[in-house]
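Trainee: Have a look; sequence and predicted model below, questions after that.
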Amino acid sequence: MIVEIAHFLSVTSAIVLSLILIFNLFFYFADSHTNQIILSNKLFNQACLLIFISFGLYVYLAAIDDFSISYIANHSNSQLPIFYKITSIWSAHEGSMFLWIVFLTIWSVLFVNYLALEHPLKRGTMLMLTLIILGFLLFLLITSNPFERILPFAALEGADINPVLQDPALAIHPPMLYLGYVGFVISFSFITAYLFHGDFNYSWEKDIKSWSLIAWIFLTIGITLGSWWAYYELGWGGYWFWDPVENVALMPWLAATAFMHSLFASSKSSVLKTWTLFLGIMIFTLSLFGAFIVRSGIIDSVHSFANDPQRGIYLLGFSGFITLISLAILAYRLPQLQSSKLIVAGSKESFLSMNNILMLTAIFSIFLGVTYPLILESLNGNKVSIGPPYYNTIFSPLILITSIFMMGSIDALWQRGMQLRKLCIAVAPTLLLSILGVYAIWHFTKIFSLIAYVGIFSGLLIIMSYALKLFSSLYTKAYFNKGSLLAHIGLGLLFFSVSMNSILSYQKNISLFVGEEQFVNASLSKFQFLDLKKTKASNHDVVAAKILVLHDNQSIYLNPEKRKYFARGQITSETAIHTSFLRDTYLTIGDQLDNGSWTFSLQINYFVKWIWFSSTLMVAGIAMTIFKKKIL
Amino acid sequence: MNRIYSLLLIGLPVLIFIFFGKVLLTEESELASYYEPKPIPQFQLLDLQDQQISPSAFNNISLLNVWASWCITCLVEHPFLTQLSKNDIDLIGLNYKDSKVSAQQWLQKRGNPYQFSIYDPRGDLAFELGVTGAPETFLIANQQIIGHVQGELNQEKWESIFLPLIRRMQNKN
């Protein structure tokens, strides 16, 4: 019964949303009256409330194990802890789409009510948001209904969620990512409304700045959590695989990053306006593209949901429809948007416009990497894979150019060019320190890889220039943007640690009998297989090994496990990780060989923790910027 | 200038949408492509276990599958290859532009369907063969490459492209 109520509420919400659209279309060209907006706003809030209640009921149904609902029966299990019963909702297509819509609704209802009644763009924004929510709600109800019952006989027990998904990081990774993706619906709708309205004297940037920054924070946390989970749960020792689904998350992130910078420029000195508007539209468009790629099954990926061409066509059609509305209005308004101001070479604006161009290049490169296999397939029916070699080659020069411009931009001023002599004096110490740093790394490691050293050098350039800026301003007490400093140092550290990781990390495969020990290399002088235990847990068998590793004279005990789950017969490997300041000792247990010995894969991963730390720095930097402004 | 931008702003997305729509709507067209038989190029390479491999290793009817640990589509075709390896056809891997460590780890993690994998980190042999990317599969018989599938090898392509060629070879003998 409850599920029918939840279903009914969602349908009602869809009806109310369509009524808002019809009502406003009808009256849009008649005399506009405040009461119309008040009425629409109230209806909008009610429709959103209906969706929240519907989702709340669904969460309740998942928590009490209502296996008469097909989706819950397929993805949950009565033996699961209540936490995973709830998170199982977003472990597959239908439920995660529902969550996606709920987040869309949360952002929309907050933003619409944040805009004052007299705000000139309130009505337009609200209508655009209504259209988008309605489109996705219909998508959910028509093509991927989570409320479907198994009738007449309900399942007695659920099928369980995939054990690798039974993990706290993965439970919060999708919600964070979705909050980020969907958050940019605000800038998308607001910009569309602004372009449609046509009063270009209005400074719209201030209204959505903080909203975009918050969405950026969620997106960054979401991507980082996914990467962290992959690192410790999948047991491959990697943190980023250039998988199509990771790529479609990275594209909106890059667009959002460019948008934040461009927004800064256009609110300060009214240049780059068209750029900012375009980027604001692009972020959500790329999010929709991501949803399409993941949910249509068009690309084979380790992440993708089940194939269903009907879903793909609906998503493509609807995304295309709203994106084209937005872009067409932008194209129509282009002549009026032209700024009469020219950008002075060497000014802050010129660096920010360079930033836009570089980010767009990066996005386009990823887009090409994601779609190239599809293009080839449609041309001659073949499938190929584009992997890390492509992305590494494309990104290392881009990163180098970006960091060189970033270094130059620190002392740049608004609307004024910089003298070449002054610029040289400003960057000389940074360049010198970075070259010394690269030389020192080469001196100590004696490993050379061009791509990695480009990354290290770029990272050092950014870190050094901001560090020097910090020291000099401690002396001169000059003002500097602390949030920006933190975020950029985070970025530099990210380049640095990713590159260091790639040259220093290594892996050894070892096979041993219980009680044996082995010499691995000079720094890993002993690898001892102490003990092996087989135990039974509530829903899986466990094989747990006890290993002693002597790493640079430090004794490390590691307990890697292998689990076999009863419900699905799936085998998972629980990695044992020991973390020190610079490196992780990362051990997974493999199969038992025919002669009775066990195989282990031992990885020494350098600077992985630093990667998580650098994205934390970026998030902290942006958070500081928000709270300093106190707009919200 | 503005007109060009406007055209790009609308035209480019429209093209992209049409392209994806076309991809979604067209069924995978199977081209039973005719492949001009050619001899295996000369090479001297090591396999992942550091054994010397030369063209004489291809004795029977064998499949040469180009793979890499970074290749996602290889992951997709892996179960099918594992199934194939149980037949009496030699399945030989060509590990393409990969590092030895990650290749070995990949095989250890997912199971090794190959009799051995030729280690080709710079893509030398792959270049001689005319490989465009991973995965690709070549059908070899009597020291001749007689068939070729670009991209994922699946049941459908196996039946439509390779199986007829193999039957023809067996009838000849």
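Mentor: Alright, I've got the coordinates.
Trainee: Which residue ranges of chain B form strands?
Mentor: B:38-39, B:45-46, B:52-53, B:62-67, B:90-96, B:117-120, B:136-141, B:144-150 (DSSP state E).
Trainee: Chain A: which of those is closest?
Mentor: Chain A sits nearest to strand B:144-150 of all the strands of chain B, at 3.6 Å, using Cβ to the nearest Cβ. The way it works is simple: take the backbone N, C-alpha and C, and place the C-beta from them, glycine included.
Trainee: Which residue comes closest to the residue most central in space within chain B once chain neighbours are left out?
Mentor: The centroid of chain B falls nearest to B:Glu136 when counting by Cα atoms, centre = their mean (1.3 Å). In space, B:Glu136 comes closest to B:Val66 once its chain neighbours are excluded; the distance is 4.4 Å by Cβ to Cβ, 6 or more residues apart in numbering or on different chains.
Trainee: And A:Asn509, by the same measure?
Mentor: That would be A:Ser601: by Cβ to Cβ, 6+ apart, it lies 5.5 Å from A:Asn509.
Trainee: same deal with B:Gln49?
Mentor: Nearest non-adjacent residue to B:Gln49 (Cβ to Cβ, 6+ apart): B:Phe116, at 6.8 Å.
Trainee: Do I have it right that the one you found meets B:Gln52?
Mentor: No. Using Cβ atoms under 8 Å, B:Phe116 is not in contact with B:Gln52, being 11.0 Å away.
Trainee: Settle it for me: which of those two has more neighbours?
Mentor: Taking neighbours as other Cβ atoms under 10 Å in any protein chain shown, B:Phe116 and B:Gln52 compare with B:Phe116 leading, 17 against 9.
Trainee: got a list of what the more buried one touches?
Mentor: Applying Cβ atoms under 8 Å, 6 or more residues apart in numbering or on different chains to B:Phe116 gives the contacts B:Asp47, B:Leu48, B:Gln49, B:Gln51, B:Ile53, B:Ala57, B:Ile92, B:Gly93.
Trainee: any chance of the residues you listed in JSON lines, plus neighbour count?
Mentor: Formatted as JSON lines, the contacts of B:Phe116 follow (neighbours: other Cβ atoms under 10 Å in any protein chain shown):
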{"residue": "B:Asp47", "neighbour count": "20"}
{"residue": "B:Leu48", "neighbour count": "19"}
{"residue": "B:Gln49", "neighbour count": "11"}
{"residue": "B:Gln51", "neighbour count": "12"}
{"residue": "B:Ile53", "neighbour count": "20"}
{"residue": "B:Ala57", "neighbour count": "17"}
{"residue": "B:Ile92", "neighbour count": "20"}
{"residue": "B:Gly93", "neighbour count": "26"}
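Trainee: Those into JSON lines, with extra columns for pLDDT?
Mentor: Shown next, in JSON lines, are the contacts of B:Phe116 (pLDDT from 0 to 100):
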{"residue": "B:Asp47", "pLDDT": "88"}
{"residue": "B:Leu48", "pLDDT": "88"}
{"residue": "B:Gln49", "pLDDT": "86"}
{"residue": "B:Gln51", "pLDDT": "85"}
{"residue": "B:Ile53", "pLDDT": "85"}
{"residue": "B:Ala57", "pLDDT": "80"}
{"residue": "B:Ile92", "pLDDT": "91"}
{"residue": "B:Gly93", "pLDDT": "93"}
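Trainee: Now flag whichever of the residues you listed is closest to A:Thr430.
Mentor: B:Leu48 (44.1 Å; Cβ to Cβ).
Trainee: any idea how far that closest one is from A:Leu80?
Mentor: Distance of B:Leu48 to A:Leu80, given as Cβ to Cβ, to the nearest Å: 41 Å.
Trainee: Show me what counts as buried in the longest helix seen in chain B.
Mentor: In chain B, taking DSSP state H as the definition, the longest helix is helix B:2-25. Neighbour counts using 16 or more other Cβ atoms under 10 Å in any protein chain shown place B:Ser6, B:Leu9, B:Ile10, B:Pro13, B:Ile16, B:Phe17, B:Phe20, B:Val23, B:Leu24 of helix B:2-25 among the buried residues.
Trainee: Filter those residues to keep only those in contact with chain A.
Mentor: Of the residues in these, proximity to chain A by Cβ under 8 Å from any Cβ of the partner chain holds for B:Ser6, B:Leu9, B:Ile10, B:Pro13, B:Phe17, B:Phe20, B:Val23, B:Leu24.
Trainee: Rebuild these as a markdown table, extending it with pLDDT.
Mentor: Converted to a markdown table, these look like this (pLDDT from 0 to 100):
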| residue | pLDDT |
| --- | --- |
| B:Ser6 | 86 |
| B:Leu9 | 88 |
| B:Ile10 | 90 |
| B:Pro13 | 90 |
| B:Phe17 | 89 |
| B:Phe20 | 86 |
| B:Val23 | 79 |
| B:Leu24 | 78 |
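Trainee: Please name the nearest non-neighbouring residue to A:Lys562.
Mentor: A:Val543 (4.6 Å).
Trainee: and the one you found, how many neighbours?
Mentor: A:Val543, neighbours per other Cβ under 10 Å, totals 19.
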